[in-house]
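> below are the sequence and a predicted model; questions follow.
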Amino acid sequence: MSFAGEDREYVAAVADALASLGLRVFYDSFEQANLWGKDLYTQLAGIYQQRSRFCVVFMSKHYQSKLWTNHERSNAQARALLEHDEYILPVRIDDTEVPGIRATTGYINKAGVTAEQLAMLIRSKVLGFA
């Protein structure tokens, strides 16, 4: 999951719901010990470009202006360019346009779903029910 710190409360609830459903999720708070001391620039590039099955991007005014979220997104976009499958799964927190995420890409609107409902939608996508 790629998100701005200002949006953490909702994202944390989604991460917890996904974990309770038995799904592995890359969420920074779950990975503190693992990431400790590592070169985050390289680690995050590998996670978003190679090691994730999907990348859920929580788009907001905060997301589009942050250094680290731009790094995560650019690596996810590099992967999406090479694969012709859905990889980036956008969640709109507000109406901010995020560079590289086309307006024609299907998204989930946070205003319409609880964290638990979003977790179920992600689970359906991961398991191939979507």
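Good, I have the coordinates. Numbering: from 1, shown residues only.

> what's the local residue count around the spatially closest residue to Lys66 that is not a sequence neighbour?
Closest residue in space to Lys66, ignoring its immediate chain neighbours: Ala4 at 5.2 Å, by Cβ to Cβ, 6 or more residues apart in numbering. In this view, the C-beta of every residue, glycine as well, is placed from N, C-alpha and C. When counting by other Cβ atoms under 10 Å, one arrives at 19 neighbours for Ala4.

> shaky segments in the chain?
The chain contains residues with pLDDT under 70 at 130.

> what about the strands in it?
55-59, 88-92, 108-109 (DSSP state E).

> helices and strands around the last one, which ones?
Counting contacts by 3 or more Cβ pairs under 8 Å, 6 or more residues apart in numbering; DSSP states H and E, strand 108-109 packs against strand 88-92.

> cool, and the first one?
Of the remaining helices and strands, those touching strand 55-59 by 3+ Cβ pairs under 8 Å, 6+ apart are helix 8-20, helix 67-82, strand 88-92.

> again, only this time at 6 Å
Using 3 or more Cβ pairs under 6 Å, 6 or more residues apart in numbering; DSSP states H and E, the elements in contact with strand 55-59 are strand 88-92.

> residues of stretch 72-83 that come out buried?
Glu72, Arg73, Asn75, Ala76, Gln77, Arg79, Ala80 (16 or more other Cβ atoms under 10 Å).

> sweet, I'm off.
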